[in-house]
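> output the structure for:
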Amino acid sequence: MARYIGPKTKISRKFGEAIFGYDKSFEKKGHPPGQHGTSKRRKVVSEYGIQLKAKQKAKYTYGVLERQFRNLFKEANRKQGITGTILLQLLESRLDNVVYRMGLAPTRPAARQLVTHCHLLVNGEKCNIPSRRLTVGDTVSIRTKSKELEFITTSLARKGKKFPWLDWNDEKMEGKFIGVPEREQIPENIEEQLIVELYSK
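Numbers count the residues shown, from 1 in each chain. I've put the predicted structure just below:
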């Protein structure tokens, strides 16, 4: 159940992108963190540094720590196909990410909390494991006792973009994982090929 609990704005500033969702502090301070800003930073970043930054960005975006991320890469590398794309598909199939994509929570950390507090059912059964991998046909629904939670109803009311690999039914308050997303359907700005190059050294 490990997770990153450090300062999120500093991480977003490091990558120059609000990877944890809207952040008022990030909007005020868009420059990289550090006492001297960009004035005393190394002008040229090594190839390794670029690859490492791509990996770190993916880890923080999906809320996965190093050991989990490395294991996911090994699994993706064993499968037939483009390793980088498969890695992102495995990350997108995590329960906490699917809950976030369905609009039940405004951020992935919030989605993770919904799962760990047992507010959700997977295929009609309680599940409190955020890293659970969903397969095509799996359903995610809200427990009867949790359907009136203000947090969930507010999130659903603000729900924006729909994703073609997920199907949400407002009447039943139930969603279905109907397919594995293609790379071009995943909106995250992640350079997965750099991650593959890093782990392949």
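> so, low pLDDT: which residues of this protein?
1-4, 12, 15-16, 18-43 (pLDDT under 70).
> so where's the longest helix in it?
helix 47-62 (DSSP state H).
> please identify the buried residues of that helix?
Using 16 or more other C-beta atoms under 10 Å as the test for burial, helix 47-62 gives Q51, K53, A54, K55, Q56, K57, A58, K59, Y60, T61, Y62. Where you see a C-beta, it was placed from the backbone N, CA and C, and this is true even at glycine.
> by contact count, what packs against that helix?
helix 8-15, helix 66-78, helix 83-92, helix 192-199 (3 or more C-beta pairs under 8 Å, 6 or more residues apart in numbering; DSSP states H and E).
> can you check which of the ones you listed gets nearest to K159?
helix 83-92 (17.5 Å; C-beta to C-beta).
> got the angle for the closest one vs helix 47-62?
With axes from the mean of the first three to the mean of the last three C-alpha atoms, to 10 degrees defining the directions, helix 83-92 sits at 20 degrees from helix 47-62.
> just the angle between helix 83-92 and helix 192-199, please?
Using the same axes, to 10 degrees: helix 83-92 against helix 192-199 is 100 degrees.
> just the CA atoms of helix 83-92, as PDB, please.
Taking C-alpha atoms only, helix 83-92 is exported to PDB below (Å, rounded to 0.1, in the frame of the first residue of the first chain):
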ATOM      1  CA  THR A  83       6.900  -2.600 -24.800                       C
ATOM      2  CA  GLY A  84       6.300   1.100 -24.000                       C
ATOM      3  CA  THR A  85       2.700   0.900 -25.200                       C
ATOM      4  CA  ILE A  86       2.100  -2.200 -23.200                       C
ATOM      5  CA  LEU A  87       3.600  -0.600 -20.100                       C
ATOM      6  CA  LEU A  88       1.100   2.300 -20.400                       C
ATOM      7  CA  GLN A  89      -1.800  -0.100 -21.000                       C
ATOM      8  CA  LEU A  90      -0.900  -2.000 -17.800                       C
ATOM      9  CA  LEU A  91      -0.800   1.300 -15.900                       C
ATOM     10  CA  GLU A  92      -4.200   2.400 -17.300                       C
END
